[in-house]
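> No sequence on hand, only this structure:
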């Protein structure tokens with residue numbers, strides 16, 4: 001039996017980074033909590049068919065997708081409501097906040113599947129092979145999603161006047 005405290009210690013940073021790329025900033029803390037509730041609930045049932053890291057990735061991705069679905073329903077039910085988080089508005093954080101918000105806005109232009117591949121490849125620096133294993137898809141599909149995501153982001157940045 002694995003020790004939950006050790007799993008949390010080893011993977012909390014990874015979960016937070018992954019969810020930061022997939023969810024609005026205002027949802028990340030709730031997402032991390034939800035992921036580790038699921039991990040705690042199912043840790044005894046972890047069979048080791050994949051690595052513990054892959055298992056935690058999968059739970060993180062599934063949780064983010066579930067939360068995104070719930071968020072879209074909330075928006076549908078409450079027109080005009082927003083889940084946008086203004087973040088840290090201290091003067092010394094303005095530049096970083098602006099860049100982070102621009103990145104978040106760009107990532108939201110991608111489908112969830114594209115965003116998952118981008119976060120794992122660029123933020124987590126996972127190999128194509130590892131991403132394919134985590135997402136349970138062929139490596140070629142990972143390449144295709146990354147290529148499509150790059151094209152969409154480039155096009156969006158050009159429209160926003162931010163492309164080099």
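Yes, it's here. These numbers come from a predicted model, not from an experiment. Residues are numbered from 1 along each chain as shown.
> what helix or strand does residue 131 sit in?
Here residue 131 sits within helix 128-135, counting by DSSP states H and E.
> outside of stretch 110-125, which residues touch it?
Under the contact criterion Cβ atoms under 8 Å, 6 or more residues apart in numbering, stretch 110-125 has outside partners 14, 17-18, 20-22, 57, 61, 64-65, 68, 107-108, 126, 128, 130-131, 134-135, 142, 145-146, 148-149, 152-153. In this view, the C-beta of every residue, glycine as well, is placed from N, C-alpha and C.
> Name only those of those residues that count as buried.
The neighbour count (16 or more other Cβ atoms under 10 Å) marks 17-18, 20-22, 57, 61, 64-65, 68, 107, 126, 130-131, 134-135, 142, 145-146, 148-149, 152-153 as buried among those.
> Sitting in helices, which of the residues you listed do you find?
The helices, defined by DSSP state H, take in 17-18, 20-22, 57, 61, 64-65, 68, 107, 130-131, 134-135, 142, 145-146, 148-149, 152-153 from the buried ones among the contacts of stretch 110-125.
> Can you tell me the closest non-neighbouring residue to residue 129?
Of all residues beyond its chain neighbours, the one nearest residue 129 is residue 139 (6.1 Å), with distances taken as Cβ to Cβ, 6 or more residues apart in numbering.
> I figured the one you found hits residue 133, correct?
No - when contacts are counted by Cβ atoms under 8 Å, residue 139 is not listed as touching residue 133 (9.1 Å).
> rewinding a little: ok, the residue nearest to residue 129 to residue 39 distance?
27 Å (Cβ to Cβ, to the nearest Å).
> Neighbour count: these two, which is higher?
Per other Cβ atoms under 10 Å, whichever of residue 139 and residue 39 has more neighbours is residue 39, with 22 against 14.
> Report the contact partners of that one.
Per Cβ under 8 Å, 6+ apart, neighbours of residue 39: 4, 7, 8, 11, 56, 59.
> Just read off the phi/psi values of the first one.
Here is the backbone geometry of residue 4 (degrees, to the nearest 10): phi -60, psi -40.
> Number of residues surrounding it?
So residue 4, with other Cβ under 10 Å, has 13 neighbours.
> neighbours around the closest residue to it other than its chain neighbours, how many?
Nearest non-adjacent residue to residue 4, counting by Cβ to Cβ, 6+ apart: residue 40, 5.3 Å away. Using other Cβ under 10 Å, residue 40 is surrounded by 12 other residues.
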